[in-house]
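In: what's the 3D shape of this:
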Amino acid sequence: MGTLLMIGTNKGLFLARSDDGRATWSIDPVHYPMNGVYAVALDTRSSPPRLHASLTSSHFGPTVVTSDDLGTTWNEPEAAPVAFPSDTGEALRRVWAITPGPAAQPGVVYAGAEPSALFRSEDNGASYAMVRSLWDHPHRELWGEGFGGQAIHTVLPRPDDPAALLVAMSTGGVYRSADAGSSWSPFNTGIKAYFLPDPWPEQGQCVHKVTRDAADPDRLYAQNHHGVYRSDDGGATWTSIADGLPTDFGFAIVAHPHRGGVVYSYPIEADGMRFPPDKRCAVYRSTDAGASWEALSDGLPGTPYFGAVLRDALCTDDAEVAGVYFGTRNGDVYASPDEGDTWRLVASHLPDVLCVRAAEV
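Out: Numbering: from 1, shown residues only. Here you go, the predicted structure:
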């Protein structure tokens, strides 16, 4: 068994492979050059795993492709599998999130789109249908557009309840369904929107990413536009866990795949200064659900370093001793084989890294 790392960039998809415990990596020639790859997924619920990649071509537009042989060949649909119904008057700009459903629903895959909409596949990503109840939500006309567009970028199925689903969008906030997507409610209490006249609105927060704790499905972590939060009640209320971090701004946050209370962040100085604090490349880890944080930089470049990490460019794999990975807008990709204690360079001088995903295969 080895490890596969999918690296989506603004000029193509790169696949990195390791067969020696993540000590060294080989990288395929670029797949889909000159396509922006904004979302990737490794669905390990089936054997072999299915790879998914969201492509955006400046000439042909957006689509989603899949591979059932670890990237040797790709299935390219004749028609885009994610498409807005004609009566919406909208067209797909790109897919920002691809998320396999829970183990109890082996064929289900979700896609988060721009403009903000959720799509659901029941055939392993071959085709998708819009989740109309969220599109028809009365808040939709109030959802704003962040710097990266108006998009659903986080989709979190609940592993122990197939009817429960959480999404997050920029700019709109966190919404949750308890009835398999038939209805949706905003879950933003405690998340501050300092840029709005009322900084504590029901909706309108610029949430950058949400991740779920490995041990407690009711525990969530969120990176906001200035603000890092934890919820212990499934998103109903949120409290700040930014103390101990050098800044509360950033895009990426990811929970450990099987250790409860362990979460990783890559802080950025501020919305108007998108460099790591003190120009220091470091991932921050908490082992106590955000009560305290430690900087992890052994093997990472010294100062000054200017690379920022986008919301989907930080991830873990599913190994017993988890690997942690991140890619920067400088085109550098780093991997840790020991849960963040030490880091090794996987690739450098790539195009702007937009997303990474990894798994044992």
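
In: what ranges do the strands span in the stretch 51-200 of the chain?
Out: Using DSSP state E, counting those that start in this stretch, the strands of the stretch 51-200 of the chain run over residues 61-67, 94-100, 109-114, 117-121, 129-130, 151-158, 161-170, 173-177, 185-186.

In: what helices or strands is the fourth one leaning on?
Out: The elements that strand 117-121 packs onto, with contact taken as 3 or more CB pairs under 8 Å, 6 or more residues apart in numbering; DSSP states H and E, are strand 109-114, strand 129-130, helix 132-135, strand 151-158. (Glycine included, C-beta is placed from N, CA and C.)

In: For the ones you listed, could you give me CSV that also reports mean pLDDT and mean neighbour count?
Out: What follows is the helices and strands packed on strand 117-121, written out as CSV (pLDDT from 0 to 100; neighbours: other CB atoms under 10 Å):
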stretch, mean pLDDT, mean neighbour count
strand 109-114, 98, 26
strand 129-130, 98, 16
helix 132-135, 98, 18
strand 151-158, 97, 24
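
In: Out of these, the one nearest E76 is which?
Out: Nearest of those to E76, taken as CB to CB: strand 109-114 at 16.3 Å.

In: before we move on, the earlier item: can you redo the strands of the stretch 51-200 of the chain as JSON lines, where the extra columns are distance to I268?
Out: JSON lines is the format used below for these (distance: least, CB to CB, whole Å):
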{"stretch": "strand 61-67", "distance to I268": "27"}
{"stretch": "strand 94-100", "distance to I268": "19"}
{"stretch": "strand 109-114", "distance to I268": "22"}
{"stretch": "strand 117-121", "distance to I268": "27"}
{"stretch": "strand 129-130", "distance to I268": "33"}
{"stretch": "strand 151-158", "distance to I268": "16"}
{"stretch": "strand 161-170", "distance to I268": "15"}
{"stretch": "strand 173-177", "distance to I268": "20"}
{"stretch": "strand 185-186", "distance to I268": "26"}
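
In: Quick one: closest of these to D218.
Out: That would be, of these and by CB to CB, strand 151-158, which comes in at 9.0 Å.

In: ok so, going back, using TSV, lay out the helices and strands packed on strand 117-121 together with distance to W96.
Out: Formatted as TSV, these follow (distance: least, CB to CB, whole Å):
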stretch	distance to W96
strand 109-114	5
strand 129-130	15
helix 132-135	15
strand 151-158	4
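
In: of these, which approaches S185 most closely?
Out: helix 132-135 (10.9 Å).

In: Show me how far that closest one is from its chain's centre.
Out: In terms of CA atoms, centre = their mean, to the nearest Å, the gap separating the centre of helix 132-135 from the centre of its chain is 21 Å.

In: Could you tell me how many residues sit around the spatially closest residue to T211 that is not a sequence neighbour?
Out: The shortest distance from T211 to any non-neighbouring residue, by CB to CB, 6 or more residues apart in numbering, is to A255 (4.4 Å). If you count neighbours by other CB atoms under 10 Å, A255 ends up with 23.

In: quick one: A255 and S121, what's the gap?
Out: 24 Å (CB to CB, to the nearest Å).

In: Could you list the low-pLDDT ranges of the stretch 51-200 of the chain?
Out: Low-confidence segments of the stretch 51-200 of the chain (pLDDT under 70): none present.

In: Appreciated, that's everything.
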